[in-house]
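Participant: no sequence on this one, just coordinates:
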């Protein structure tokens with residue numbers, strides 16, 4: 001009897017459990033049907049979503065400085081194409097704002113050419129790799145693996161607090177022809193936005209069904225695959241400068257291989273490091289067992305390429321490439337169009353599973369830099385229509401590349417970056433020179449003996465030829481002579497490799513003149529140097545420059561372009577004095593007088609500031625300018641003014657004859 005009652009009791013329990021399971025299932029179905037559809041379902045454009053998934057405090061523990069406390073964060077970026085048009089080369093900006101340091105991100109590269117890990121605290125733009133194009137639901141039958149990407153991010157944030165949910169300021173699509181409203185917050189940890197075609201956008205070029213149009217920029221790099229085989233291919237890399245003031249000296253080009261490729265040989269350029277050890281001890285050595293790696297040039301994941309010297313131009317093994325071997329110099333097209341291009345060829349070996357002729361993957365994260373040149377930020381490579389090259393046989397036909405990618409680089413000013421050159425001002429009516437500002441090109445590593453905040457001391461004219469470290473006694477004596485304040489410690493130097501002096505020489509009824517002097521305090525000789533002077537109110541009155549070549553730039557308003565005469569286009573490096581034990585080092589120097597007429601600018605006031613530049617460039621780098629102008633009527637010179645005026649009149653009479 002007891003056994004029977006236990007059996008019935010157990011059966012009742014089982015039935016009750018089944019009823020409970022049925023109730024739970026019914027409630028879950030009802031709850032799911034009552035939920036709103038996901039936000040992406042109501043978006044008929046490009047859906048973007050950023051979700052903060054987790055975060056925690058990581059060492060070191062900084063109780064005294066909580067704003068510097070690091071926190072690990074994990075988040076997800078979703079990009080989904082719900083429209084009717086394929087989205088090619090998608091790019092999404094995420095407005096990070098907590099000094100983020102991104103360690104990893106799946107399925108993307110940073111569109112500014114920086115390799116991970118990298119600081120992204122001012123926001124960053126992601127580009128898809130390897131899935132750079134997002135197809136539509138129509139052409140994929142709703143296959144979200146082809147319609148979208150899911151980017152898993154891991155990084156470090158600072159000072160956000162353990163209980164807070166740090167979110168970016170913004171997330172938006174930056175492709176041309178799209179517009180995105182302000183993102184919507186969903187709870188505390190998710191923001192999303194639906195982007196649509198901009199009805200007011202008009203493309204400059206008709207979009208090709210297969211390739212995107214070529215874009216313009218300050219500098220473009222084209223990666224053309226000219227020959228392809230199962231295990232390797234040849235590519236030609238062409239760097240073209242389009243900015244009238246842009247320039248590169250001793251250029252260095254770097255990128256990231258994404259598929260374990262390596263450089264077998266090159267013509268027209270060379271890796272800065274020749275080393276095959278990464279291949280010998282890596283996957284490459286295991287697969288290519290019969291390959292002689294002693295002849296392999298470079299196996300680094302991020303190689304750096306440098307130009308060859310001029311004497312290798314006609315070398316049958318290393319040169320013989322059009323536009324190669326310029327010692328790393330790329331001039332602006334306004335100087336010499338034939339020298340505004342640099343080119344080289346590279347033989348690339350591939351790795352499994354990419355061993356077929358059509359499997360071609362360009363390198364990513366391109367970066368180019370030079371010596372005393374502007375900073376360039378490069379975007380990701382974009383597939384464009386194949387380039388065409390003249391046939392080597394001389395026949396009137398063109399050969400087409402198998403595949404072509406274009407990288408667009410633009411000049412940018414990095415946050416906190418210091419200039420690399422500076423300008424001093426002087427005038428005929430004032431004995432003192434307004435020097436380059438303190439720490440114009442950055443402060444010295446040790447600032448115990450000088451002040452980084454005090455304004456630079458005024459100088460006598462002879463001090464311009466003396467290195468800054470030797471000017472102290474001269475500048476302080478000049479200050480004592482003219483009753484000028486001197487800080488203690490004295491101001492630090494400008495720390496610039498190149499400085500320019502703009503001297504207002506004369507000012508008379510019909511015109512005026514200025515003298516420009518370029519000083520090279522560096523150990524590098526600048527070949528084919530140039531300077532550009534922007535004069536907002538007086539550039540139209542430019543007449544002539546007497547020891548340089550000079551002209552006004554059509555592409556840049558109110559700017560005068562100066563360069564050395566043929567045979568005198570070298571700005572030599574700093575050298576020792578005649579007696580190095582006693583004499584100061586001597587800077588390389590070039591100087592010329594410029595004359596202006598007032599016919600086109602009758603209302604200008606030269607002494608009040610109209611005769612001083614508003615911007616000055618040297619070799620494409622914008623220079624720091626003084627914060628004040630020479631004062632009229634202070635420390636004036638009598639005889640020197642008369643001599644300067646007479647000198648200008650003699651030069652003018654000579655030119656008229």
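Facilitator: Alright, I've got the coordinates. In this text, all values refer to a predicted model and were calculated from it rather than measured experimentally.
Participant: start to end distance for stretch 323-339?
Facilitator: 7 Å (CA to CA, to the nearest Å).
Participant: stretch 47-66 too?
Facilitator: 36 Å.
Participant: what's in contact with stretch 502-516?
Facilitator: If you take CB atoms under 8 Å, 6 or more residues apart in numbering as the criterion, stretch 502-516 is touched by 423-429, 500-501, 517, 531, 533, 538, 541, 543, 562, 591-599, 606-607, 611-613, 616, 630, 644-645, 647-648, 651. Using the backbone N, CA and C atoms, a C-beta is placed for each residue, glycine as well.
Participant: that's a helix at residue 343, yeah?
Facilitator: No - according to DSSP: H, G, I helix; E, B strand; the rest coil, residue 343 belongs to no helix; its state is strand.
Participant: what sits against it?
Facilitator: 236-239, 268, 321-324.
Participant: only the buried members of the contacts of stretch 502-516: can you turn that into a ChimeraX selection?
Facilitator: A single ChimeraX command selects the buried members of the contacts of stretch 502-516 (16 or more other CB atoms under 10 Å):
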select :423,424,425,426,427,428,429,500,501,517,531,533,538,541,562,592,593,594,595,596,597,598,606,607,611,612,613,616,630,644,645,648,651
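Participant: which ones among the contacts of stretch 502-516 lie within strands?
Facilitator: Counting by DSSP state E, the contacts of stretch 502-516 place 423-427, 500-501, 517, 531, 533, 543, 562, 591-597, 616 in strands.
Participant: in a markdown table, list the contacts of residue 343 along with distance to residue 409, neighbour count and secondary structure.
Facilitator: Formatted as a markdown table, the contacts of residue 343 follow (distance: CB to CB, whole Å; neighbours: other CB atoms under 10 Å; DSSP: H, G, I helix; E, B strand; the rest coil):
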| residue | distance to residue 409 | neighbour count | secondary structure |
| --- | --- | --- | --- |
| 236 | 18 | 22 | strand |
| 237 | 13 | 22 | strand |
| 238 | 13 | 18 | strand |
| 239 | 9 | 23 | strand |
| 268 | 19 | 26 | coil |
| 321 | 21 | 20 | coil |
| 322 | 21 | 13 | coil |
| 323 | 17 | 18 | coil |
| 324 | 20 | 22 | coil |
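Participant: distance between stretch 331-349 and the chain's centre?
Facilitator: 18 Å (CA atoms, centre = their mean, to the nearest Å).
Participant: cool, stretch 164-180 as well?
Facilitator: On CA atoms, centre = their mean, the centre of stretch 164-180 falls 22 Å from that of its chain.
Participant: tell me the buried residues in that stretch?
Facilitator: 166-168, 170-173, 178, 180.
Participant: straight-line length of it, end to end?
Facilitator: Stretch 164-180: ends 27 Å apart by CA to CA.
Participant: need the contact partners of it.
Facilitator: For stretch 164-180, the external contacting residues (CB under 8 Å, 6+ apart) are 45-46, 48-50, 52, 55, 71, 73, 77, 87, 89-98, 123, 125, 157, 160, 182-183, 185, 188-189, 191, 193-198, 201, 203.
Participant: ok, now stretch 75-82?
Facilitator: By CB under 8 Å, 6+ apart, stretch 75-82 touches 40, 43-53, 87, 90, 92, 94, 126, 128, 134-137, 144, 147-153, 171.
Participant: of these, buried ones?
Facilitator: Neighbour-count burial (16+ other CB under 10 Å) is assigned, among the contacts of stretch 75-82, to 40, 43, 45-52, 87, 90, 92, 94, 126, 128, 134-137, 147-149, 151, 153, 171.
Participant: is residue 97 in a helix, a strand, or coil?
Facilitator: When classified by three-state DSSP, residue 97 comes out as coil.
Participant: re the thing from before, just the ones of the contacts of stretch 164-180 in strands?
Facilitator: Those of the contacts of stretch 164-180 lying in strands (DSSP E): 46, 48-50, 52, 55, 71, 73, 77, 91-94, 125, 157, 185, 191, 193-197.
Participant: would you turn the contacts of residue 343 into TSV with pLDDT and distance to residue 306?
Facilitator: Shown next, in TSV, are the contacts of residue 343 (pLDDT from 0 to 100; distance: CB to CB, whole Å):
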residue	pLDDT	distance to residue 306
236	97	17
237	98	13
238	97	16
239	98	12
268	96	11
321	94	15
322	93	18
323	95	15
324	95	12
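Participant: distance to residue 473 added to the residues you listed, as TSV?
Facilitator: TSV is the format used below for these (distance: CB to CB, whole Å):
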residue	distance to residue 473
236	58
237	53
238	54
239	48
268	52
321	54
322	55
323	51
324	51
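Participant: so for residue 485, what's the nearest residue that isn't a sequence neighbour?
Facilitator: In this structure, residue 485 finds its nearest non-sequential neighbour in residue 479, 7.3 Å apart by CB to CB, 6 or more residues apart in numbering.
Participant: so what's residue 188 up against?
Facilitator: 165, 167.
Participant: likewise residue 255?
Facilitator: 302-303, 363-367.
Participant: any idea of the mean pLDDT in stretch 475-482?
Facilitator: Stretch 475-482 comes out with an average pLDDT of 88.
Participant: list of residues touching that stretch?
Facilitator: Everything outside stretch 475-482 that qualifies as a contact, by CB under 8 Å, 6+ apart, is 432, 457-460, 463, 484-486, 490, 635.
Participant: what subset of those is buried?
Facilitator: Judged by 16+ other CB under 10 Å, buried ones among the contacts of stretch 475-482: 432, 457-460, 463, 490, 635.
Participant: and which of the residues you listed is nearest residue 575?
Facilitator: Taking CB to CB as the measure, residue 575 sits nearest to residue 463 out of those, at 18.5 Å.
Participant: so that closest one sits in a helix?
Facilitator: Yes - the assignment for residue 463, made by three-state DSSP, places it in a helix.
Participant: please report the distance of it from residue 443.
Facilitator: Separation of residue 463 from residue 443 (CB to CB, to the nearest Å) stands at 21 Å.
Participant: one more: residue 585?
Facilitator: 22 Å.
Participant: ok, those two, which is more surrounded?
Facilitator: For residue 585 versus residue 443, neighbours defined as other CB atoms under 10 Å are more numerous around residue 443 (18 against 15).
Participant: which non-adjacent residue is nearest that one?
Facilitator: The shortest distance from residue 443 to any non-neighbouring residue, by CB to CB, 6+ apart, is to residue 452 (4.8 Å).
Participant: with residue 412 instead?
Facilitator: Among residues not flanking residue 412 along the chain, residue 377 sits closest, at 4.5 Å (CB to CB, 6+ apart).
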